[in-house]
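Visitor: next one to model:
(chains A and B)
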Amino acid sequence: MEIELRGITKRFGEVVANSDVNLTIRAGEVLGLLGENGAGKSTLMNVLSGLYRPDGGEILIDGKPVQFRGPGDAIRAGIGMVHQHFMLVPVFTVAENVVLGVEPTGPVDFLDLKKARAQVREINETYGLEVDPDEFIENLPVGVQQRVEIIKVLFRSANAIIFDEPTAVLTPQEVTEFFAIVKSLRSAGKAIVFITHKLHEILEVADRISVLREGRIVGEGVPGKTTDLELAEMMVGRPVSFNVAKKPFSPGPVLLDVQHLTVLRENDAVAVNDLSLNVRAGEIVGIAGVQGNGQSELVEALAGVRRVAGGSVMFQGKDITGASARDRHRLGMAHIPEDRQRTGIIAAFTVAENMVLDTYYDSRFSHGLAMDWQAVNQNSAAAAAAFDVRTPSVFEKAGHLSGGNQQKLVVARELNRDTKLLIAAQPTRGLDVGSIEYIHKRIVDAREEGDGILIVSSELDEIMSLCDRILVMFKGRVVAEFGAAGRPANKNDIGLAMAGVAA
Amino acid sequence: MAIETVPANRKLDTQAGRQSRIAAVLLIGLSALTAMVFAQVGDGDAVFRLSRATDAIVLPDLAVPAMEFNYIAAGILAFLGVRLWIRGGSGRISLSLGFGLLLAVAAFLVWATVGKAFSLTGMLQATVVRAVPIALGALAGVLSERVAVTNIAIEGMLLAGAFTGALAGSLLGGWGGVAAAVVVGGLFGLLLAALVVTYRVDQIIAGVVINLFVLGVTSYVSSQVFQEYRFLNNAPVFRVISIPLLSDIPVIGPVLFQQNIFVYGALIMVAVATYYLFYTRSGLRARAVGEHPRAADTLGIDVYRIRYVNVTIAGMVAGFGGAWLTLGLVGRFDENMTGGRGFIALAAMIFGRWHPVGALMAALIFGFADSLQQKLALLQTPIPAEFLAMAPYLATIVVVAGLIGRARAPAADGKPYIKE
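Guide: This next block holds a predicted model:
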């Protein structure tokens, strides 16, 4: 099977997501599609999987042009997609998710789940995937959920499989297992597209590489011949350096002291389990770990937006376990939340309004019941300039900014005052390289000024390049510590700790 | 994610712990109420009649010594409350609370009937009858909310069904009336689907608009046209059909097997809906559309079509339920005769956790409160019966607010799906 994309163009209103893209996908081959966030990779593959209709160009399968009116058509043509955000129904079982849309049935539309289970087991055995067909999706770790997605695609006898950012949510060990699965699929004669922005992964698993930037194919490469720096330059459009410069490590007194902290989820499941840690002045502490191991709940508890079930949190010797978010803010704590769209900004508010969300009550900005909008706007304009927030004006809706500028807006709001401690969750998730570099620089600047910093990130590279000390969280506990007093940071050891292998 | 539990000796501030403390306070409060009010009756028996003299098998009356019964009830309530308080989140909260509420209601009944006689079977029979429109409305809610369309329009659909039932029933006879009510209910379902699925009107607003429209039209016709042409509002009422043998069982017989087609219809529909939602291919797809429409879409399932079909069927069910008011009860249409039952049905749907059987159970509880209120008016108790009738709605508020156990709605409920 050979799939050819010819001159594909896709627009969303004014925005051109794909422009005249040509691409060929062949059986028994892994095509790596490399590009930054927002380069148009996912859009292109959504066109191929029938979710979007292209505004121009055509798709040819084995030389014959095809038209997809919906995802069903693409599935019937043998194209399956594993989406970045899994398309699984959390309250359904594995078997129910796998057969959804192509269910085996008996009389009176009866859903034959027994047959479905047997079919799932059969695919399990053929491809060496181990998934219990009766388990509910919401109870499965992400790595296994991804295997369910693969089973779904195989169940529909797909010949071409598209993986959209498949490793974003996996531990390094799970990534290794995933690559093994990809290779076995390739030797089974499947055509595979691997979409990512991670250079080393694409060099490891792809047979051919195409680089997408601003909706266009800007270059091609072959692993072994093309270097990672060349690929990075194609991807970003300028030379990039991977290193963050920072001064030698000289920590001050303990700022944040967390003792035996326990935090629960809504259903009383333990998210953070008897966890102790501290952050000192002038130190960047990183928390590594696979998503869903309690990092989000830890950050929310430290920021004062989630109830603490047990233990204590001290800040500069003061007990703040039950303090409100505003009290913490006044003490000099800053918080960059992990989901800027949902909790970082209010998309329908202007840049200026977003900039004073935390200080609107201050006497600088309000008098009695009235807001002093002039002061707000002036202050916001100054902060936007100081933090490189690129916006036509402070009256622009925050939702209209790019992801990178939205995040810089959050950083500006949180850091544009005398802070002592910064808690940053996934500070660069989904951003372009330029914004990542800028935000990293700002975080390092804060350290140089003597702030304590706690970073939670699922990007191990980010943690390793920024942090003085690395803690690994697994199932709500800190299971390993690296750097400074602990062992030197080593990617393999951290990966093992993230997977819960006793270190 | 499964995580090992924290050692038991550490005291954590858990959600379950808070819930059980709230429930414990409620139970202890009920205990105090039972001991200090309901048990202060002096000597005397409360007599509950279980059979009528004409029944095939006649059970003797049940005589309960009022003061003793209520002191014991208060004791049990206090025990349950204290146990829940001490054991914290580890007990079965809703079981204790449910049993406690049942006991409190029994104590109340005993107190209200002391020195008099009261037909228990008669009240249970009325309970089932009154539960019918609520159960059918709630079922309509389940069917549309399972595909993530919030259905505020149940009230309007019930009212449209009642009106059409009366009008068509007067002209075409009972069965014609039922059929017309179902069709009109379905049309309003279709209208709701068109508004919220195709035109993406806010679901709450679309529902309210339908309710107001139906109320306006039916009120106008009933006050202007029906006044003039009375034969248009004079429909036959479906008779009781006794099922042989089964209807002779004491208590259960009259309650379940001496009813009209609306009661049987409601029970059958609940069974069919349960089979449909949880045991068929279409049901799996419908639930997928309600939980994760994008996932369903990527698998080639037509989200819009499924929403249209389910919401239309929901409208048909509600239309049938509305016909009960006219063709199953009084034979004529009165202005706004649903009186908010559609909204009570929504509460029953939530109380029943979006499951057809749960919705039926909740409807029975609401029906019980409704018929209790009616019967108590005859007993002339010092407490206005309306206060007791409020109890189920208070319970609903408690459930919806998540104070005791959280009901989980379909994940995409109320959200329009925008296809790209």
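
Visitor: spatially nearest residue to whichever residue of the stretch 151-300 of chain B sits closest to chain A, not counting backbone neighbours?
Guide: In the stretch 151-300 of chain B, the residue found nearest to chain A is B:Gly300; the distance is 2.6 Å by C-beta to the nearest C-beta. Glycine gets a C-beta too; all of them are placed from N, C-alpha and C. Nearest in space to B:Gly300, with sequence neighbours left out and distances taken as C-beta to C-beta, 6 or more residues apart in numbering or on different chains, is A:Gly72 at 2.6 Å.

Visitor: OK, contacts around the one you found?
Guide: The contact partners of A:Gly72, taken as C-beta atoms under 8 Å, 6 or more residues apart in numbering or on different chains, are A:Gly50, A:Gly101, B:Leu299, B:Gly300, B:Ile301.

Visitor: nearest to B:Pro250, of those?
Guide: Here the nearest of the contacts of A:Gly72 to B:Pro250, counting by C-beta to C-beta, is B:Ile301; it sits at 49.7 Å.

Visitor: quick one: that closest one and B:Ala409, what's the gap?
Guide: Between B:Ile301 and B:Ala409 the computed distance is 20 Å (C-beta to C-beta, to the nearest Å).

Visitor: centre-most residue in chain A?
Guide: Using C-alpha atoms, centre = their mean, the residue of chain A that lies closest to the mean C-alpha position is A:Arg429, 5.0 Å off.

Visitor: returning to what we had before: check contacts around the residue of the stretch 151-300 of chain B closest to chain A.
Guide: Residues in contact with B:Gly300, defined by C-beta under 8 Å, 6+ apart, are A:Gly70, A:Pro71, A:Gly72, A:Asp73, A:Ile75, A:Arg76, A:Gly101.

Visitor: out of these, which end up buried?
Guide: For the contacts of B:Gly300, burial is judged from neighbour counts taken by 16 or more other C-beta atoms under 10 Å in any protein chain shown, and it is met by A:Gly70, A:Pro71, A:Gly72, A:Ile75, A:Gly101.

Visitor: could you check the pLDDT of the closest residue in space to the second one that isn't next to it in sequence?
Guide: For A:Pro71, ignoring the flanking residues on the chain, the nearest one in space by C-beta to C-beta, 6+ apart is A:Gly50 at 4.4 Å. On the pLDDT scale, A:Gly50 is placed at 89.

Visitor: repeat for the one 10 residues further on
Guide: We note a pLDDT of 93 for A:Leu60 in this prediction.

Visitor: cool, A:Asn139 as well?
Guide: The score at A:Asn139 is 85. That number is its pLDDT.

Visitor: try A:Asp55
Guide: In this model, A:Asp55 is scored at 93, pLDDT.

Visitor: was I right to think it contacts A:Lys10?
Guide: Yes - distance between A:Asp55 and A:Lys10: 5.7 Å, which falls inside the contact criterion (C-beta atoms under 8 Å).

Visitor: neighbour count: the two, which is higher?
Guide: In this view A:Asp55 and A:Lys10 are compared by other C-beta atoms under 10 Å in any protein chain shown, and A:Lys10 has more residues nearby, 22 against 14.

Visitor: buried residues, stretch A:393-405. List them.
Guide: Along stretch A:393-405, these residues count as buried under the neighbour rule (16+ other C-beta under 10 Å): A:Val394, A:Glu396, A:Lys397, A:Ala398, A:Leu401, A:Gly403, A:Gly404, A:Asn405.

Visitor: got the end-to-end distance for it?
Guide: Terminal residues of stretch A:393-405 lie 13 Å apart, using C-alpha to C-alpha, to the nearest Å.

Visitor: show me what it is in contact with.
Guide: A:37-38, A:340, A:345-355, A:377, A:380-381, A:384, A:389-391, A:406, A:409, A:430-432, A:434-435, A:438.

Visitor: can I have the buried ones of the residues you listed as a ChimeraX selection?
Guide: Here is the ChimeraX command that selects the buried residues among the contacts of stretch A:393-405 (16+ other C-beta under 10 Å):
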select /A:37,38,340,345,350,351,352,353,354,355,377,380,381,384,389,391,406,409,430,431,432,435,438
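
Visitor: roughly how far does the one residue in the stretch 401-503 of chain A that gets nearest to chain B sit from B:Tyr304?
Guide: Among the residues of the stretch 401-503 of chain A, A:Lys475 lies nearest to chain B; the distance is 5.1 Å by C-beta to the nearest C-beta. Distance check for A:Lys475 against B:Tyr304: by C-beta to C-beta, it reads 42 Å.
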